[in-house]
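*Asks:* Fold the following.
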Amino acid sequence: MSNPVPTLSPEAAAQHQPHHVSLQAVHDQVHGPHWLGRINRAIAVRITHAVGSMWAAYAFAALALLSLPAALRTHDPLIIVAWVAQTFLQLVLLPIIMVGQNVQAEASESRARADHDTLMAIHRLSVAVYELQLRHAPPPHTDVAKNDYSDTLTQE
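*Replies:* Numbers count the residues shown, from 1 in each chain. Alright, predicted model coming up:
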């Protein structure tokens, strides 16, 4: 069972004002608009940008490789597997995953902006069509059953 799609009357649709919800607009909702929320947001963004970069991945890989010789000298498979899983993968993959998420978020934000622009254009056209229909509609007291354009609007 699907939920019915809510419909707006032409009058309500003409009054609707679409708006774009950007990532920046959401920040205040998450951290709050007060000064402490702005400080927390700034710290979080700076750390995320620093750790979520390929330069951080390179630095973490170098740091992890410093302990590789010690792990290999043990000749213990458990120590080597632990080094790979706990040291190398966690240190190196974290920033790489963050870079990938940043790229995906930027692409998503770009698509949202493009979709918003498209929807705004459709909304403006719909309002213009609605206003034209109002201007060219016959007065309520006439016996005209259909306008010249009414059958084209109802075709599916």
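*Asks:* Now do whichever helix in the chain runs longest: which elements does it pack against?
*Replies:* The single longest helix within the chain, with elements called by DSSP state H, is helix 90-136. The criterion is 3 or more CB pairs under 8 Å, 6 or more residues apart in numbering; DSSP states H and E, and the helices and strands that helix 90-136 contacts are helix 10-15, helix 35-51, helix 54-66. Bear in mind the C-beta positions are built from the backbone N, C-alpha and C, glycine included.
*Asks:* Now do the buried residues in the longest one.
*Replies:* Of all the residues in helix 35-51, those buried under the rule 16 or more other CB atoms under 10 Å are residue 51.
*Asks:* Residues contacting that helix, please?
*Replies:* 27-28, 30-31, 56, 94-95, 98 (CB atoms under 8 Å, 6 or more residues apart in numbering).
*Asks:* what do you get if the cut-off is 7 Å, keeping everything else the same?
*Replies:* 27, 31, 56, 95, 98 (CB atoms under 7 Å, 6 or more residues apart in numbering).
*Asks:* Closest one of those residues to residue 115?
*Replies:* residue 27 (20.6 Å; CB to CB).
*Asks:* Which pLDDT does the model give that closest one?
*Replies:* Note for residue 27: predicted pLDDT of 71.
*Asks:* tell me the contacts of it?
*Replies:* residue 41.
*Asks:* quick one on the thing from earlier: nearest to residue 104, of the helices and strands packed on helix 90-136?
*Replies:* Using CB to CB, the nearest of these to residue 104 is helix 35-51, at 14.1 Å.
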